[in-house]
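Colleague: Got a predicted structure here, sequence first:
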Amino acid sequence: MSEGGEVSAEVAEFKSLGETEVKFEGLEKEIDRLKSKKADSEKKVRELERKVGTLEVRELEEE
């Protein structure tokens, strides 16, 4: 392969690595967003479970 061809191949590989890095960073951001959403959902579940427990206790007290 000529020097020009080798350089072109290296440039193409470098561009590919850059694109992969950008995709990887995007995926990391998406993972962080999903982890945050999961934590929020888990918090809401705990709050609802607490409210259900409170209602069950009230119902038992009324009997």
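Modeller: On my side now, so go ahead.

Colleague: Helix or strand: which one has the residue most central in space within the chain?
Modeller: With distances taken as Cα atoms, centre = their mean, the residue of the chain nearest its centroid is residue 31 (1.9 Å). Taking DSSP states H and E as the definition, one finds residue 31 inside helix 3-62.

Colleague: quick one on the thing from earlier: I'd like the distance between the residue nearest to the centre of the chain and residue 23.
Modeller: 13 Å (Cβ to Cβ, to the nearest Å). Backbone N, C-alpha and C define where each C-beta goes, glycine included.

Colleague: likewise residue 59?
Modeller: Distance, residue 59 to residue 23, by Cβ to Cβ: 53 Å.

Colleague: Okay, now the unreliable bits of this structure?
Modeller: The chain contains residues with pLDDT under 70 at 1-5.

Colleague: Please repeat the previous calculation with a cut-off of 50.
Modeller: In the predicted model, the chain carries pLDDT under 50 at residues 1.

Colleague: Could you give the number of residues near residue 30?
Modeller: The number of residues packed near residue 30 is 10, by other Cβ atoms under 10 Å.

Colleague: and what of residue 34?
Modeller: Residue 34 sits with 10 neighbouring residues when counted by other Cβ under 10 Å.

Colleague: Any chance you could give me stretch 29-49 in PDB, C-alpha atoms only?
Modeller: Presented in PDB, the C-alpha positions along stretch 29-49 are these (Å, rounded to 0.1, in the frame of the first residue of the first chain):
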ATOM      1  CA  LYS A  29     -25.700  10.000  29.100                       C
ATOM      2  CA  GLU A  30     -28.700   7.800  28.300                       C
ATOM      3  CA  ILE A  31     -27.700   5.300  31.000                       C
ATOM      4  CA  ASP A  32     -27.400   8.100  33.600                       C
ATOM      5  CA  ARG A  33     -30.800   9.500  32.500                       C
ATOM      6  CA  LEU A  34     -32.300   6.000  32.900                       C
ATOM      7  CA  LYS A  35     -30.700   5.400  36.300                       C
ATOM      8  CA  SER A  36     -32.200   8.700  37.500                       C
ATOM      9  CA  LYS A  37     -35.600   7.800  36.100                       C
ATOM     10  CA  LYS A  38     -35.400   4.400  37.800                       C
ATOM     11  CA  ALA A  39     -34.500   6.000  41.200                       C
ATOM     12  CA  ASP A  40     -37.400   8.400  40.800                       C
ATOM     13  CA  SER A  41     -39.800   5.500  40.000                       C
ATOM     14  CA  GLU A  42     -38.500   3.500  43.000                       C
ATOM     15  CA  LYS A  43     -39.100   6.500  45.200                       C
ATOM     16  CA  LYS A  44     -42.700   6.800  44.000                       C
ATOM     17  CA  VAL A  45     -43.300   3.100  44.600                       C
ATOM     18  CA  ARG A  46     -42.100   3.500  48.200                       C
ATOM     19  CA  GLU A  47     -44.300   6.500  48.700                       C
ATOM     20  CA  LEU A  48     -47.300   4.700  47.300                       C
ATOM     21  CA  GLU A  49     -46.600   1.600  49.400                       C
END
